[in-house]
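Chemist: sequence and predicted structure, then a few things I'm wondering about:
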Amino acid sequence: MATITTEAATVRPTEPPVRRPNNWRWRFLPQYLAISPFFVLFAVFSAYPVLYSLYLAFQRWDGIGPMTFVGLDNFAFLISDTQFWTSIWNTLLIWVMSTIPMTILALLIAVGLNSSVRFKGFYRIAYFMPNVTSIVAMTIVFGSIFSTQFGILNTALRAIGIDPVEWLTDPWGIRITISIMIIWRWVGYNSIIFLAGLQAIPTDVFEAARVDGAGPIRTFFQVTLPLLRPVLLFSVVMSAINGLQIFAEAQILVGERGGVEDAGTTMVLYFYNQAFAANDFGYGAAIAWGIFLVVVLFAILNWRLIQRPERAEVAR
Amino acid sequence: MTTLDRRRFLAALGGLGIGLTVAGCGSPATTDPGSLTLWYKNGGMSDAVLAEAAQRFAGDRFDPAAVSDVRPKLLTSLAGRAYTPDMAMLNDDIALYFRNSDRFVDLNTLGAAALRDQYLPWKWQAGSTPDGKLLGFPIDTGPSALYYRKDLFEQAGLPHEPDDVAAAVPTWEDYFALGRQLLKALPGRYLIADAKTVYTYSLAQEPQKYLDRQGRFIGDQEHVRRAWDRAVSAVQQKLTAGFFDNAKQSSDRQSAWNSGTEVSFVGASWMYGSLTEAAAGTAGKWRVCRSPGGPGNQGGSFVGITSVCPAPERAYEIVTWLLSPANQARHYADKGLFPSAPAAYTDPVARRADPFFGGQVVADVFAESARGVKPAYFSAYDVTISDTITDELVNVESAGKDPETAWRDARAAVDQLLQRAGVL
């Protein structure tokens, strides 16, 4: 109360004297109104669906008729559902298979772009293009490239005397193809990020390294890489966020069923399948919450990864 | 001209927001109140017939709208109880709506029984709920037949005239024997695209599928296992090509049609569209004859009138006109949708000599198949059950999985699926 009286006392001189004392409640209305669009949209399009999906996870619902409460049944099914575990495994596999080569490639490209090459602007745009290309269109093109029967890749393999690979009907072929698509899509984006990180490193560090007699390779591993660490972490976190949500690539390349041995069934694809193809919305919601748990685990992992170096520095 | 200052802009924005909120609170029950909307799948009806209907029923403001993905949109509008179309095209998984039959008009209450004799009995039954309500008015069917390359059959020294081929392959086993002969004569070419085809079309020839009309699971019975064993046997004899085909992209198969690697396939009437489009270069070389194992149906659709439709009698009149035997012949001629009204089979519009098939009247072949289809109950879960089983077949075919393990895995997955759905 005391704070309010002092506040009112300081404000009063600028305000008309006829104001009622409880007006302070509405004083911030314009401010609240100004920030309300975000909260309204968030409540309608994020908070409500999230809460509703939690409610749905305890129901059996075909999407039209009345819901039946089934308690924890959906979650019990989820734990014993081998396909769900396969989908987690696939997602992690594809994430590792895409992120590691992608990061190395992106680093190489960034270092290349950072050294004085001609047409830098052109390369930067060219490397960024895949990231803004429609995934669906791109997947159809990749499907043709990797096609067993007439794909350009198998034709090239045959030309150099290697047996053609059944990219789309072999479990590992499917995972590799999806990984390559992700690499293609994200390598440019990450190399631009890395390039920004490289350009932020002061040149005197490199000069000092050179004076101390370090070659280019040693400089890269002992000066450039450690200084790029925060940027690298950012890129890994971003790719984890994207990697756990892989969907369109798999769905269009091998179809909603996930292809041979479910090799292309990612977590989100499996969720989509159960909810929107099989019309089992209750179970779909349970899967979504299963995915949420996996994502939380990953977030904790990432968080610890980022926290550690700072703690180490403090300890030093 | 008034200038747009910040105050004015904010006022306009606020007005717009309030307007939208008010509109949102009063969402109309139908897509476009005042008119009669039909949601149909792209290419799911003849444009000419629809255009004529729009004129003919201009007084009812009949408004057909091609929708790229009818099912999810219809489900959304039904779940939200807003913006539901007055009429909607339903697929062969129409049984999905049987549990909620109150959301659709029972067409029998509008006098549909009088038209019953004009349509195929099994198709009519497929659109009816177990307690006898007619939810879906028949559009097209998907009778199966054997498509084959006459020139390549001839080259391999096999029977090649439609009647001779049909006589040579009355059963699937005869068909497989023909496949072995072909592989010897023309190595590297295939009679059968994949194990999935054998399974799906074998099961389509049976009088029952996975659930009976009382909703009891019968997928563990002999007829399913027979279709499975047949498909596995084709794989083990190395008669299937195992082309990659995911419904969204079947470029592998399309290239096989063009290159002549796929010499024949058992397919529904609607495969005609994909084949003629993808392999235009092979025009004149294909023929169609009766499928090994006999007639079967795969796919087909219906039109339902939703219960929110304000003028069901008018909608019914539109639907029955759109799908009259004479107009079904036109849908077939324009879009390859095979009629469900037998009178259309003798209609000269449908019975055209087709140059792609060397001047053969293919409608006759499909008509024979359509007439012979055994009525089988297609449950709401059939698509998912079938996909689950064929997933395992693909594993046997492409990844060399042991067939017995695959069958056990498929059965376990189907059991789990049905437990979740509350059927088991």
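Modeler: Cool, got the structure.

Chemist: so where's the chain uncertain?
Modeler: Picked chain A for this. A:1-23, A:116-117, A:308-316 (pLDDT under 70).

Chemist: actually, chain B is the one I wanted.
Modeler: B:1-26, B:246-250.

Chemist: quick check: residues of it near chain A?
Modeler: B:72, B:75, B:78-79, B:96-97, B:99-100, B:103, B:242-244, B:246-249, B:251-252, B:255-256, B:259, B:261, B:380-381, B:383-384, B:387, B:391, B:394-395, B:398-399, B:401, B:413, B:416-417, B:419-422 (Cβ under 8 Å from any Cβ of the partner chain). Where C-beta positions appear, they are placed from N, C-alpha and C, glycine not excepted.

Chemist: so the closest residue to A:Leu54 other than its chain neighbours, which state does it fall into?
Modeler: For A:Leu54, ignoring the flanking residues on the chain, the nearest one in space by Cβ to Cβ, 6 or more residues apart in numbering or on different chains is A:Trp289 at 6.8 Å. Here A:Trp289 is helix, with the state taken from DSSP: H, G, I helix; E, B strand; the rest coil.

Chemist: identify the residues contacting A:Trp289.
Modeler: Contacts for A:Trp289 (Cβ atoms under 8 Å, 6 or more residues apart in numbering or on different chains) come out as A:Ser53, A:Leu54, A:Ala57, A:Phe75.

Chemist: can you lay out those residues as JSON lines showing neighbour count and secondary structure?
Modeler: Shown next, in JSON lines, are those (neighbours: other Cβ atoms under 10 Å in any protein chain shown; DSSP: H, G, I helix; E, B strand; the rest coil):
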{"residue": "A:Ser53", "neighbour count": "18", "secondary structure": "helix"}
{"residue": "A:Leu54", "neighbour count": "14", "secondary structure": "helix"}
{"residue": "A:Ala57", "neighbour count": "23", "secondary structure": "coil"}
{"residue": "A:Phe75", "neighbour count": "16", "secondary structure": "helix"}
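
Chemist: closest one of those residues to chain B?
Modeler: A:Phe75 (11.5 Å; Cβ to the nearest Cβ).

Chemist: SS state for the spatially closest residue to that closest one that is not a sequence neighbour?
Modeler: Once flanking residues are discounted, A:Phe75 sits nearest to A:Ala286: 5.5 Å by Cβ to Cβ, 6+ apart. Secondary structure, three-state DSSP: A:Ala286 is helix.

Chemist: hmm, B:Tyr47 is touching B:Asp334, no?
Modeler: One thing to correct before we go on: residue B:47 is Asp, not Tyr. Yes: contact between B:Asp47 and B:Asp334 holds when scored by Cβ atoms under 8 Å: they sit 6.9 Å apart.

Chemist: quick one: which of those two has more around it?
Modeler: Each of B:Asp47 and B:Asp334 has its neighbours counted (other Cβ atoms under 10 Å in any protein chain shown); B:Asp334 has more, 15 against 12.

Chemist: so how far is A:Phe28 from that one?
Modeler: 64 Å (Cβ to Cβ, to the nearest Å).

Chemist: ok, B:Val365 next?
Modeler: B:Val365 is 77 Å from A:Phe28, by Cβ to Cβ.

Chemist: of the two, which one has the most company?
Modeler: The residue with more neighbours, out of B:Val365 and A:Phe28, is B:Val365; 23 against 10, by other Cβ under 10 Å.

Chemist: helices and strands around the host helix or strand of that one, which ones?
Modeler: Secondary structure assignment for B:Val365, by DSSP states H and E: helix B:362-371. Helices and strands touching helix B:362-371, by 3 or more Cβ pairs under 8 Å, 6 or more residues apart in numbering or on different chains; DSSP states H and E, are strand B:137-149, strand B:286-289, strand B:338-339.

Chemist: returning to what we had before: tell me which of the residues of chain B next to chain A fall in helices.
Modeler: B:72, B:75, B:78-79, B:251-252, B:255-256, B:259, B:383-384, B:387, B:391, B:394-395, B:398-399, B:413, B:416-417, B:419-421 (DSSP state H).

Chemist: the strands in chain A, which residues?
Modeler: A:59-60, A:68-69 (DSSP state E).

Chemist: residues in contact with the last one?
Modeler: Just to be clear, that refers to strand A:68-69. Contacts for strand A:68-69 (Cβ under 8 Å, 6+ apart): A:Phe58, A:Gln59, A:Arg60, A:Trp61, B:Gly422.

Chemist: how does it look with 7 Å?
Modeler: Here strand A:68-69 makes contact (Cβ atoms under 7 Å, 6 or more residues apart in numbering or on different chains) with A:Phe58, A:Gln59, A:Arg60.

Chemist: the first one now?
Modeler: Around strand A:59-60, the neighbours that count as contacts under Cβ under 7 Å, 6+ apart are A:Met67, A:Thr68, A:Phe69, A:Val70, A:Gly282, B:Gly422.

Chemist: nearest the geometric middle of the chain, what residue?
Modeler: Let's take chain A. The centroid of chain A falls nearest to A:Asn242 when counting by Cα atoms, centre = their mean (1.8 Å).

Chemist: you answered for a different chain; I wanted chain B.
Modeler: Central residue of chain B (Cα atoms, centre = their mean): B:Gly299, at 2.6 Å.

Chemist: for the closest residue in space to that one that isn't next to it in sequence, what are its contacts?
Modeler: Distance criterion Cβ to Cβ, 6+ apart; nearest residue to B:Gly299, sequence neighbours excluded, is B:Gly142 at 3.7 Å. The neighbours of B:Gly142, taking Cβ under 7 Å, 6+ apart as the test, are B:Ala268, B:Ser269, B:Trp270, B:Asn297, B:Gln298, B:Gly299, B:Gly300, B:Phe338.

Chemist: one more time with 8 Å
Modeler: Contacts of B:Gly142 by Cβ under 8 Å, 6+ apart are B:Asp92, B:Ala268, B:Ser269, B:Trp270, B:Asn297, B:Gln298, B:Gly299, B:Gly300, B:Phe338.

Chemist: quick check: the residue of chain A nearest chain B.
Modeler: A:Gly255 (3.1 Å).

Chemist: can I see the domain layout of chain B?
Modeler: For chain B, the domain assignment from automatic domain parsing gives the residue ranges B:36-141+B:299-346, B:143-294+B:355-421.

Chemist: chain B contacts on the stretch 201-316 of chain A?
Modeler: So far as Cβ under 8 Å from any Cβ goes, the stretch 201-316 of chain A lies against chain B at A:251-262, A:276-280, A:283.

Chemist: just the endpoints, please. Distance across stretch B:119-136?
Modeler: Start to finish, the residues bounding stretch B:119-136 are 12 Å apart (Cα to Cα, to the nearest Å).

Chemist: who touches that stretch?
Modeler: B:90, B:92, B:94, B:97-98, B:101, B:104, B:106-108, B:112, B:116, B:137-138, B:141, B:213-215, B:297, B:300-304, B:340-342, B:370-371, B:373-378.

Chemist: residues in contact with stretch B:367-377: which ones?
Modeler: Residues contacting stretch B:367-377 (Cβ under 8 Å, 6+ apart): B:95, B:120-122, B:125-126, B:141, B:143-145, B:205-209, B:211-213, B:269, B:290-291, B:294-297, B:338-340, B:342, B:345.

Chemist: which residues in the stretch 201-350 of chain B form helices?
Modeler: B:222-236, B:251-259, B:271-278, B:312-322, B:325-335 (DSSP state H, counting those that start in this stretch).

Chemist: any idea of the angle the third one forms with helix B:325-335?
Modeler: Angle, helix B:271-278 to helix B:325-335, by axes from the mean of the first three to the mean of the last three Cα atoms, to 10 degrees: 30 degrees.

Chemist: thank you, goodbye.
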